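>>> Quick check, what structure comes out for this input:
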Amino acid sequence: MKRREFITLLGAGAAAWPLAARAQQPTMPVVGFLHGASPNPYARFLPGFHQGLKETGYTEGANVAVEYRWAEDRYDRLPALAADLVNRHVTVIAAAGSTPAAFAAKAATTTIPIVFLVGGDPVASGLVASLARPGGNLTGVTNLTAEVGPKRLEMLHAVVPTAITIALLVNPKSPDLSEPQLQELQVAARTLGLQLHVLNASTEREIDTAFATLVQLRAGGLIIGADALFSSRAEQLAALALRHRVPAIFQFPEFTTAGGLMSYGNNLRDMLRLSGLYTGRILNGEKPADLPVQQATKVELIINLKTAKALGLTMPTALLVRADEVIE
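You can find the predicted model right below:
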């Protein structure tokens, strides 16, 4: 071989080598994050999900990519958003924090692993076969919603014992979540001799309308049902309750820290952390069928005394002693 030919071949090989090396490098796994809410009000909860990923060795942008799909409170968009993630061949779908999102993901694929975060019973709703052995391509986290609803009603009744009518705010676009809550609370209301009036809201504007109706009803208190729409709008709900001088109780602590009267339930950031943990474990090779559904059982009671004083309420000593946190 002539020297000139050798140099030419060597130069061509050197130019081609980086491309070949890059082609052999493993591609970064992609998580599809599917949610029914809007991104801006929900953003404060996402660090919990990222923390769970980090604990299993994954950092967004470094060794895992996340494709976010937000329905922006229009749950009818979820099937198309889920199908889009499937078409992009994501590694895992995290339907974290929205029951309709979990069902949309399940309908879109039977092969891509799905990690859900839902309220209520995922077995009764048909998401999984059992909590211990979910089977199929789904597993995830479930929080306490309908189960603690009666306790919220009891607490509210203790704060406003003379009130006869209590309102319940639910999202009718999420019947798998709202109907079990309503059933549990209707039984509890009858036991306490209370009238339960249901208010529906599936958009931010309808929330305002619901509070206007609440005033017309002269309801003595309000229970805010669990739903992604409501959890992402804790500040709006707290402000409306205070403006209309309605004692209200919600599930998540963000409501109380924003000025709501009381919150009693699970911590959403911690539940998202559990979702991130399961997502990372699946990225590490575990199968969703072998990961039992986790149940968030820790509940916290938070009371805002500043709001109680603004509403002219005296909080029962028994509730104050029981509270995990009192905001003064």
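>>> nearest spatial neighbour of the spatially most central residue of the chain, skipping sequence neighbours?
Centre of the chain computed as the mean C-alpha position; nearest residue by C-alpha atoms, centre = their mean is G97, 2.3 Å away. Distances taken as C-beta to C-beta, 6 or more residues apart in numbering put L117 closest to G97, at 4.9 Å, once the chain neighbours are dropped. Yep, even glycine has a C-beta here, placed from its N, CA and C like the rest.
>>> does the one you found sit in a helix or strand, and which one?
strand 114-119 (DSSP states H and E).
>>> which stretches of this structure have low pLDDT?
1-26, 144-146 (pLDDT under 70).
>>> what ranges do the strands span in it?
30-35, 65-70, 92-96, 114-119, 138-143, 165-170, 195-200, 221-224, 248-250, 262-265, 294-295, 300-304, 325-327 (DSSP state E).
>>> Run the angle between the third one and strand 30-35 for me.
Angle, strand 92-96 to strand 30-35, by axes from the mean of the first three to the mean of the last three C-alpha atoms, to 10 degrees: 20 degrees.
>>> Give the other helices and strands that strand 92-96 contacts.
Applying 3 or more C-beta pairs under 8 Å, 6 or more residues apart in numbering; DSSP states H and E, we find strand 92-96 packed against strand 30-35, helix 78-87, helix 99-108, strand 114-119, helix 268-283.
>>> Would you mind putting the ones you listed into a markdown table with mean neighbour count and distance to L169 alongside?
Below are the helices and strands packed on strand 92-96 laid out as a markdown table (neighbours: other C-beta atoms under 10 Å; distance: least, C-beta to C-beta, whole Å):
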| stretch | mean neighbour count | distance to L169 |
| --- | --- | --- |
| strand 30-35 | 25 | 20 |
| helix 78-87 | 18 | 21 |
| helix 99-108 | 25 | 17 |
| strand 114-119 | 29 | 15 |
| helix 268-283 | 23 | 17 |
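>>> right, so of these, which gets closest to G221?
G221 lies closest to strand 114-119 among these, at 21.3 Å (C-beta to C-beta).
>>> Distance from that closest one to the middle of the chain?
Taking the mean of its C-alpha atoms, strand 114-119 sits 8 Å from the chain's own mean (C-alpha atoms, centre = their mean, to the nearest Å).
>>> Also stretch 198-205?
18 Å.
>>> Report the buried residues of it.
L199, A201, S202 (16 or more other C-beta atoms under 10 Å).
>>> and those residues as CSV, adding distance to L185?
Shown next, in CSV, are those (distance: C-beta to C-beta, whole Å):
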residue, distance to L185
L199, 13
A201, 16
S202, 19
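>>> and of these, the nearest to D176?
S202 (14.1 Å).
>>> Does the closest one touch P175 like I think?
No. Counting by C-beta atoms under 8 Å, S202 stays clear of P175, with 11.1 Å between them.
>>> For R269, which non-adjacent residue is closest in space?
Among residues not flanking R269 along the chain, G48 sits closest, at 3.5 Å (C-beta to C-beta, 6+ apart).
>>> about what we covered before: what angle separates the strand holding L117 from helix 268-283?
Going by the same axes, to 10 degrees, strand 114-119 makes 160 degrees with helix 268-283.
>>> what angle sits between strand 114-119 and strand 138-143?
20 degrees.
>>> quick one: P247 and P39, what's the gap?
Remark: distance between P247 and P39 (C-beta to C-beta, to the nearest Å) = 31 Å.
>>> Same drill for these two, tell me which one is more crowded.
P247 (23 against 14; other C-beta atoms under 10 Å).
>>> give me the beta-bridge partners of the closest residue to that one other than its chain neighbours?
Using C-beta to C-beta, 6+ apart and skipping residues adjacent in sequence, the residue nearest P247 is G221, 4.7 Å away. Here G221 sits in beta bridges with I166, going by DSSP bridges.
>>> And G221, how far from L268?
G221 is 23 Å from L268, by C-beta to C-beta.
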